[in-house]
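A.B. asks: I'll drop the sequence and a predicted model, then ask my questions.
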Amino acid sequence: NAGVTQTPKFRILKIGQSMTLQCTQDMNHNYMYWYRQDPGMGLKLIYYSVGAGITDKGEVPNGYNVSRSTTEDFPLRLELAAPSQTSVYFCASSYAHEQYFGPGTRLTVT
Amino acid sequence: ELKVEQNPLFLSMQEGKNYTIYCNYSTTSDRLYWYRQDPGKSLESLFVLLSNGAVKQEGRLMASLDTKARLSTLHITAAVHDLSATYFCAVDKNNDMRFGAGTRLTVKP
């Protein structure tokens, strides 16, 4: 089992560019989450999904979109990157109250 | 709105000493979590506490939950250098996860 994988590991975007952060899990978990972590801070929930075809907003959804067409994949889309979106992004999946985190994507918007 | 506060935010301990990290939250929640994060790394799950009075222990760490006081504690016994990391608590209300700001723990010889 690879667990939760995220790509890319690092990315630099220019203001106004778009990109998709990929997240895949091979544990057949229904619940998946996207978080962002700003330097020296805790994680903030962007979006979550309780199963394929179902997504919901978290604490900080503005500027992001998600989709969940399969159980395995939960991509996060940034449409018009802004400097405020510079952060480390973590994807997680959950089963039986345990969350399993991916390694993270470090995104810089300049 | 669900808010989570941790204290202290920074903690410097000597090896062999005991200390407690506190996590307060503002409304009732479904679950409370404790995580560890090493610098530049992802989060590692330590404990999930589901009900009032729950206590879990793993090695030198023990977590407890008082849902009436909306308080969880993470107690460190006889700290060792390997416990140096940032510790986060998080609460879950209907899948809406909220994290504390973290406690950066440094254990010195």
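C.D. replies: That came through fine.

A.B. asks: Touching, B:Leu49 and B:Ser72? I think so.
C.D. replies: Yes - the criterion here is CB atoms under 8 Å, and B:Leu49 meets it with B:Ser72 at 6.3 Å. C-betas here are computed from N, CA, C, even on glycine.

A.B. asks: which SSE is residue 44 in?
C.D. replies: Just going to use chain A. According to DSSP states H and E, A:Lys44 maps onto strand A:43-51.

A.B. asks: Actually, chain B is the one I wanted.
C.D. replies: Per DSSP H and E, B:Glu44 falls inside strand B:43-49.

A.B. asks: The next helix or strand after that strand: how far from the chain's middle?
C.D. replies: Downstream of strand B:43-49, the next assigned helix or strand under DSSP H and E is strand B:55-58. Between the centre of strand B:55-58 and the centre of its chain there are 12 Å (CA atoms, centre = their mean, to the nearest Å).

A.B. asks: Residues in contact with stretch A:28-35: which ones?
C.D. replies: Residues outside stretch A:28-35 that contact it (CB atoms under 8 Å, 6 or more residues apart in numbering or on different chains) are A:21, A:23, A:25, A:43-51, A:58, A:64, A:66, A:68, A:71-72, A:74, A:76, A:89-95, A:99-100, B:95, B:97.

A.B. asks: Of B:Leu49 and B:Ser72, which one has the most company?
C.D. replies: Comparing B:Leu49 with B:Ser72 by other CB atoms under 10 Å in any protein chain shown, the one with more neighbours is B:Ser72, at 27 against 23.

A.B. asks: Flag every buried residue along stretch B:22-37.
C.D. replies: If you call a residue buried by 16 or more other CB atoms under 10 Å in any protein chain shown, then stretch B:22-37 has these buried ones: B:Cys23, B:Asn24, B:Tyr25, B:Ser29, B:Arg31, B:Leu32, B:Tyr33, B:Trp34, B:Tyr35, B:Arg36, B:Gln37.

A.B. asks: Go ahead and confirm the fifth one touches B:Phe47.
C.D. replies: No - checked against CB under 8 Å, the pair B:Arg31 and B:Phe47 is beyond contact range at 10.3 Å.
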